[in-house]
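Enquirer: pasting the structure only:
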């Protein structure tokens, strides 16, 4: 188990062994995830992004659903305009 201390400025130094293992370089973005009584530290690296790509795939296309929604919105707007024009 690796340990580190938090500085007076709230900074945390990630041990070199872990930086090398997880590809953490200067400028690497990290996410802190709170879960019950623990804090997870997740570096956002290319490897991490590749590992989560496609994880939330569904059977429906988001683009297709958006186009259907926009078509419904357009129909509602046209109906509203027709109603105003009939007055």
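Expert: It's in. Quick caveat, the model's predicted, so the values are computed rather than measured. Numbering: from 1, shown residues only.

Enquirer: what residues does stretch 26-35 touch?
Expert: Stretch 26-35 has contacts (C-beta atoms under 8 Å, 6 or more residues apart in numbering) with 24, 39, 40, 41, 42, 43, 44, 45. Heads up, the C-betas are built off the backbone N, CA and C, glycines and all.

Enquirer: these two touch, right, the first one and residue 14?
Expert: Yes - here residue 24 lies in contact with residue 14, judged by C-beta atoms under 8 Å, at a distance of 5.9 Å.

Enquirer: quick one, domains of the chain?
Expert: If you go by automatic domain parsing, the domain ranges for the chain are 1-56, 59-87.

Enquirer: who's more crowded, residue 24 and residue 14?
Expert: residue 24 (18 against 15; other C-beta atoms under 10 Å).

Enquirer: please name the residues that touch the more buried one.
Expert: 14, 18, 30, 43, 45.

Enquirer: from residue 50, how far out is it?
Expert: Using C-beta to C-beta, to the nearest Å, residue 24 is found at 16 Å from residue 50.
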